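Colleague: Any chance you can model this:
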Amino acid sequence: MALETWLIKVKTAISNGLDSVLATAPTPKPIKKSTVGVLAFEIAGLMSKLLHLWQSLSDKNVVRLRNESICLEGVRKIVSNDEAFLLGLACTEIVENLRLVAKSVSRISKKCEDSNLRSFERFFDEFADTGRDRHNWILSHKDVDAKYKKMDRLVTATSALYKQIEDASVTETYLKKMHQCKDYDSTIKQQKITDLQQKILFQKQEIKYLKERSLWNRSFDTATSLLARSIFTVLARIKLVFGIGHGYTYPASLPRSLSASASATVYPSDNASSCNFVSGPLSNSYKHEEAMNSSNGIFFESNSKVLKPPASTLGAAALALHYANLMIVMEKMIKSPQLVGLDARDDVYAMLPNSIRSGLRERLKGVGFSASDPVLAGEWREALGKILGWLSPLAHNMIKWQSERSFEQQNLMPKTNVLLLQTLFFANKEKAEAAITELLVGLNYIWRFEREMNAKALFECANFNGFLNLESSS
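Modeller: Numbers count the residues shown, from 1 in each chain. Next comes the predicted model:
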C-alpha cells in the first residue's frame, strides 16, 4: 500500500513538471519567407517583358503581323517574299524572347522554398516539348485578367520605388555637400539643411510605403509563381497563334480570325493588362497522351537554329547595324545635298566596305564631271526617294531593335514590336549592297548638281555686282 502511494506521488510530480515545462516553453514563431529585396527591379523588368509579349500576341497585333509586317516592300525586296519563311522568323524570335525571360526566371526560382518552383526550368522544357502542364500553371480564363492586372500594378509600384530611391540618394548627396559648404550664411545654411532633412524623411516614408506595395517585400515564391504561370500562358498562346504542334512545324499561314475560331482559347484584348478568353482554359488545348519523364529542351534547340542567319545575309556578315547607320546618314544627305561638305563625303566613303567601293567605282566609270542637267537631277531625286521609301524603314527598324537590346535597356519594357524580319538582319547582302550603291551614285550626281548650281549662281551674282560697280564708277 505504501509502495502504491509512493508511485502515485512520483507520477504526479513528473506530470506537474512536464506541464510547467510546456507552459514556460516559448511558442515557436512562424518562419518568415525571404523577400526578393533589391531583385525586385530585375523581376519587374521580366514582368514588363512578359506583359509586352502577351500584348504582342493579341488578335490585333497578329493581324498587323500578317497584313503589314511581313508585307513591307523592303522585306519583300531584300529579305524574302516567302510568307511561310517570314512567319517562321516571327514565331522563332518571339519564342526566343520568351526563352530568355524563362532563363532568368529559372535562376530566380532557385531561391524559392517550393520544390516545384525550384524545378521550373525542367517543367517548362517539358511543357514546350510535350505540351504537358503537370501543375496547371497555365492561367484559366477566370485568373488571367486578375493576374495580369496584378503584375501591371506591381511593375508600376516597383518602377515608382526605383525612382524614389534614386531621388532620395540625390537628396542625401546634396545634404552632405551642404554640411561641408562654407559659402552660405549660417542661418540660410541651417534652414536649407532642415528643409533637406525633412525632404529625406518624407522620401523614406514614401520608400517604405512603396516597398509594401511593390515587389520588394514579396517572397520569391510569390514572385516566381506569377512569372512561371505567365510564361506558361504566353507559350501556350504562341503555339495557338502559330499553329505549332509537338512536331515543331512552323506555320505556312496564320488563322484569319483567332477570336472566332473554336480552338482559340486565349484572346488578349488591346489593353496590355486586360485579357479575355473566348472559351475554356488553355490547359485543355494542350493535352498530351504520354508525358516525358525528363525534358531536354528539344523545342527551344530546334527553334534557335531557325534564327541563325544564312551565309548570304547581312546578319551573317555582321554588317546589318553598320549598313543601317550608313543608310541613315545617306538619307539625311539625300534630303539636303546642298548642306553636304567635302568632309562629310569623305566620312561616308570611309564607312564603305571594299565590296561596295568596287561596285561604286564600276558604276561611276564613264560618268562625266559635269552635272548640270536639271531633268536628270529630278529623275535621280525621284529614284532615290523610291529606294529610300522601302529601304529606310528597315534601317530605322534595325537601330530600334538593337537599341532595345542594349545593356542599359535590358530591364526596361520594350517600346516597339519591331521584329528581326523587319530589319536588315536577314537582308540579302548582294541586294542590299546594290541598293546602297545606287543611292551613292544618285547622291553623287545631285550633290555635284547642287554645287554647280550654287557656283553658277555665285558667279552670276559676282558678275552682276561687277556690272553695278562699273555703272556707278562711270
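Colleague: rest of the way, CA atoms for contacts and neighbours
Modeller: Will do.
Colleague: where does the stretch 51-200 of the chain have low pLDDT?
Modeller: Within the stretch 51-200 of the chain, the stretches with pLDDT under 70 are 183-185.
Colleague: if we go to 90?
Modeller: By pLDDT under 90, the weakly predicted segments of the stretch 51-200 of the chain are 58-59, 66, 84, 129-131, 140-146, 173-196.
Colleague: How are the helices of it distributed by residue range?
Modeller: All helices of the stretch 51-200 of the chain, identified by DSSP state H, counting those that start in this stretch, fall at 59-67, 73-74, 83-109, 115-118, 120-130, 144-180, 186-213.
Colleague: Turn those helices into CSV, columns for distance to residue 452 and mean neighbour count.
Modeller: Shown next, in CSV, are the helices of the stretch 51-200 of the chain (distance: least, Cα to Cα, whole Å; neighbours: other Cα atoms under 10 Å):
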stretch, distance to residue 452, mean neighbour count
helix 59-67, 46, 17
helix 73-74, 34, 21
helix 83-109, 46, 19
helix 115-118, 72, 17
helix 120-130, 65, 22
helix 144-180, 56, 17
helix 186-213, 64, 15
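Colleague: quick one, which of those is nearest to residue 310?
Modeller: Closest to residue 310 of the helices of the stretch 51-200 of the chain is helix 83-109 (Cα to Cα; 12.3 Å).
Colleague: and the angle for the closest one with helix 120-130?
Modeller: 160 degrees (axes from the mean of the first three to the mean of the last three Cα atoms, to 10 degrees).
Colleague: list the helices and strands helix 83-109 packs on?
Modeller: Applying 3 or more Cα pairs under 8 Å, 6 or more residues apart in numbering; DSSP states H and E, one finds that helix 83-109 contacts helix 40-56, helix 115-118, helix 120-130, helix 220-242, helix 298-306.
Colleague: Now those helices in TSV, please, with extra columns for distance to residue 106.
Modeller: Formatted as TSV, these follow (distance: least, Cα to Cα, whole Å):
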stretch	distance to residue 106
helix 40-56	12
helix 115-118	8
helix 120-130	5
helix 220-242	9
helix 298-306	15
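Colleague: Nearest approach to residue 142 belongs to which of those helices?
Modeller: The closest of those to residue 142 is helix 220-242. By Cα to Cα, the value is 13.1 Å.
Colleague: Quickly list the domain ranges of this protein.
Modeller: For the chain, automatic domain parsing gives the domain ranges 37-306, 320-460.
Colleague: Among the ones you listed, single out whichever gets nearest to residue 312.
Modeller: Residue 312 lies closest to domain 320-460 among those, at 5.8 Å (Cα to Cα).
Colleague: so what's residue 75 up against?
Modeller: Neighbouring residues of residue 75 by Cα atoms under 8 Å, 6 or more residues apart in numbering: 81, 394, 421, 422, 423, 427.
Colleague: check contacts around the third one.
Modeller: Listed by Cα under 8 Å, 6+ apart, the contact partners of residue 421 are 70, 75, 79, 86, 89, 90.
Colleague: Over to the second one?
Modeller: Residues near residue 394 by Cα under 8 Å, 6+ apart: 74, 75, 324, 422, 423, 424.
Colleague: The fifth one and residue 316: what is the separation?
Modeller: What it means is residue 423. From residue 423 across to residue 316, the span is 13 Å (Cα to Cα, to the nearest Å).
Colleague: what does residue 43 give?
Modeller: Per Cα to Cα, residue 43 is found 33 Å from residue 316.
Colleague: before we move on, what about residue 82?
Modeller: Separation of residue 82 from residue 316 (Cα to Cα): 20 Å.
Colleague: Also residue 76?
Modeller: Residue 76 sits 19 Å away from residue 316, going by Cα to Cα.
Colleague: Buried residues, the strand or helix carrying residue 389. List them.
Modeller: Using DSSP states H and E, residue 389 maps to helix 374-404. By neighbour count with 16 or more other Cα atoms under 10 Å, helix 374-404 contains the buried residues 377, 380-381, 384-385, 388, 390-401, 404.
Colleague: Identify the residues contacting residue 90.
Modeller: Neighbour list for residue 90: 419, 420, 421 [criterion: Cα under 8 Å, 6+ apart].
Colleague: Excluding chain neighbours, what is closest to residue 427?
Modeller: Spatially, and ignoring its direct neighbours in sequence, residue 427 is nearest to residue 79 (4.3 Å; Cα to Cα, 6 or more residues apart in numbering).
Colleague: so that neighbour touches residue 430, yeah?
Modeller: No - Residue 79 is not in contact with residue 430 according to Cα atoms under 8 Å; the separation is 11.0 Å.
Colleague: Could you list the low-confidence segments of the stretch 301-450 of the chain?
Modeller: For the stretch 301-450 of the chain, the stretches flagged by pLDDT under 90 are 301-308, 335-349, 358-378, 403-418, 443-450.
Colleague: Alpha carbons only: can I get stretch 387-405 in PDB?
Modeller: In PDB, the C-alpha atoms belonging to stretch 387-405 read as follows (Å, rounded to 0.1, in the frame of the first residue of the first chain):
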ATOM      1  CA  ILE A 387      14.600  53.400-102.900                       C
ATOM      2  CA  LEU A 388      14.600  55.200 -99.600                       C
ATOM      3  CA  GLY A 389      10.900  54.600 -99.300                       C
ATOM      4  CA  TRP A 390      11.400  50.800 -98.900                       C
ATOM      5  CA  LEU A 391      14.900  50.700 -97.600                       C
ATOM      6  CA  SER A 392      14.900  53.300 -94.900                       C
ATOM      7  CA  PRO A 393      12.300  51.700 -92.700                       C
ATOM      8  CA  LEU A 394      14.400  48.500 -92.500                       C
ATOM      9  CA  ALA A 395      17.400  50.700 -91.400                       C
ATOM     10  CA  HIS A 396      15.500  52.600 -88.800                       C
ATOM     11  CA  ASN A 397      14.000  49.300 -87.500                       C
ATOM     12  CA  MET A 398      17.500  47.900 -87.200                       C
ATOM     13  CA  ILE A 399      18.500  50.700 -85.000                       C
ATOM     14  CA  LYS A 400      15.400  50.400 -82.800                       C
ATOM     15  CA  TRP A 401      15.800  46.700 -82.500                       C
ATOM     16  CA  GLN A 402      19.400  47.000 -81.500                       C
ATOM     17  CA  SER A 403      18.900  49.900 -79.000                       C
ATOM     18  CA  GLU A 404      16.100  48.000 -77.200                       C
ATOM     19  CA  ARG A 405      18.500  45.100 -76.600                       C
END
